[in-house]
Structure formats: C-alpha cells, structure tokens
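*Asks:* need the 3D shape of this:
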Amino acid sequence: MAAAFVLRNLYRARPALRCPPAELPWAPRRGHRLTPADDELYQRTRISLLQRESPLAMYIDSYSSRGFVVNGNRVFGPCALLPQSVVQWNVGSYQDITEESFSLFWMLEPRIEIVVVGTGDRTERLQPHVLRAMRQRGIAVEVQDTPNACATFNFLCHEGRVTGAALIPPPGGAALTSQAQSAE
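*Replies:* Numbering: from 1, shown residues only. Presented below is the predicted three-dimensional model:
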C-alpha cells in the first residue's frame, strides 16, 4: 500500500514526464490485425466456376445390405452402374461373376475406361480368365470391397472418367447413409 502511495505522488510531482498517448514520439504498433482494414470492408468476393457439375454424372449416395441409393434412386440387390444408367446385375456373389456378366461393360460407346467391382464386405479375387478377358478388351478392373468401391467410383466420376461399377451389397450391418437419409 505504501509503495502505491509513493508511486502516485511521484507521478503527480513530475508533470513533465507524463505525456498523453497522442503525443508519444512513436505510435504503438500491433503485430497482427484483428479487424479488416477500411478498404477490405468494401471489396466483393468473386467466384468463377471452371466446370459445372454434370447432371448426367452417376453418384452413389449410400449403400446398405439391401442395395444402393444412386442419384437419389433406390436400387435393390446387386447392380451395374453405367455412365448414364443403372441396371440390375444378375449375380449373387463374387463367385457368380463371369465373362458373360461383364459383357455389358464392353458393349457400350463411349468405351468404359475402368470398372470398379465391389465384392461385398471383403475384397475377393475374381477368376483370372475373367480379368484377362476385360484386359484384352482394354478395360481396367479394380476389385475392392463394396464400401471402398463406392468411394472409388464416386471419385472417378467426379474426375470425369468414363467409369462403370459392378456392385454387390455388403451383407450384415454394414451401411453408409447419406445426410439426406439421416434427416428423414
């Protein structure tokens, strides 16, 4: 308490040492800005779209053990996704995949670059002669479990690649629901 009293009296006794902040020979500088400068308040942000989303692009919204939701449409059971359509795929498991079941992918124009195959909840090996037949026709095949195949298909479609998918729903409780379905 005594020290505060002494310092207060010293401050009052020497008026020449006191200067208001405006009279300081240097202005205090802030190392960072918390508010925008005046010229930044009146600028507008411009956004240029380089490429609009294609309304014909196929995207997998969600999957479950019963099927898939593709562009908002429910598809039950195994399905084949083509660049502009969805068809039921007549296979029960990865063991039923034959050269004939892949024939719809090489009959299309424009040619499909890659087919993503979802084999259920686990990645399974397809028969070598089936993969060889696809490779001879110039179509790459990516075999994955269904959750990863759905993500890969969406990614390739977003890149603008001519992509197909052959998907078998994962059995059991595996499911991905979109935010739109969760809201319902």
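
*Asks:* where do the strands sit along the protein?
*Replies:* 60-63, 67-70, 73-76, 79-82, 85-88, 114-119, 140-144, 163-168 (DSSP state E).

*Asks:* elements contacting the last one?
*Replies:* Applying 3 or more CB pairs under 8 Å, 6 or more residues apart in numbering; DSSP states H and E, we find strand 163-168 packed against strand 60-63, strand 79-82, strand 114-119, helix 146-158. Glycine gets a C-beta too; all of them are placed from N, C-alpha and C.

*Asks:* got these as JSON lines, with distance to Trp106 and mean neighbour count columns?
*Replies:* JSON lines is the format used below for the helices and strands packed on strand 163-168 (distance: least, CB to CB, whole Å; neighbours: other CB atoms under 10 Å):
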{"stretch": "strand 60-63", "distance to Trp106": "22", "mean neighbour count": "22"}
{"stretch": "strand 79-82", "distance to Trp106": "12", "mean neighbour count": "22"}
{"stretch": "strand 114-119", "distance to Trp106": "9", "mean neighbour count": "24"}
{"stretch": "helix 146-158", "distance to Trp106": "18", "mean neighbour count": "19"}
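
*Asks:* out of the ones you listed, which comes closest to Arg137?
*Replies:* Each of the helices and strands packed on strand 163-168 was scored for nearness to Arg137 using CB to CB, and the closest is strand 114-119 (10.4 Å).

*Asks:* okay, now the sheet partners of that closest one, with direction.
*Replies:* strand 140-144 (parallel), strand 163-168 (parallel) (DSSP bridges).

*Asks:* ok, which of the ones you listed comes nearest Thr98?
*Replies:* Across those, Thr98 has its closest neighbour in strand 163-168 (11.5 Å, CB to CB).

*Asks:* export the helices and strands packed on strand 163-168 to JSON lines and append columns for distance to His129.
*Replies:* Formatted as JSON lines, the helices and strands packed on strand 163-168 follow (distance: least, CB to CB, whole Å):
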{"stretch": "strand 60-63", "distance to His129": "28"}
{"stretch": "strand 79-82", "distance to His129": "20"}
{"stretch": "strand 114-119", "distance to His129": "15"}
{"stretch": "helix 146-158", "distance to His129": "21"}
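
*Asks:* could you tell me the least trusted of the strands of the chain?
*Replies:* The minimum mean pLDDT among those belongs to strand 85-88 (a mean of 89).

*Asks:* so which elements touch that strand?
*Replies:* Secondary elements touching strand 85-88 (3+ CB pairs under 8 Å, 6+ apart): strand 73-76, strand 79-82.

*Asks:* for Arg74, what are its contacts?
*Replies:* By CB atoms under 8 Å, 6 or more residues apart in numbering, Arg74 lies in contact with Gly67, Phe68.

*Asks:* ok, Pro83 next?
*Replies:* By CB under 8 Å, 6+ apart, the neighbours of Pro83 are Leu56, Met58, Leu108, Pro110, Ile112, Val162, Thr163, Gly164.
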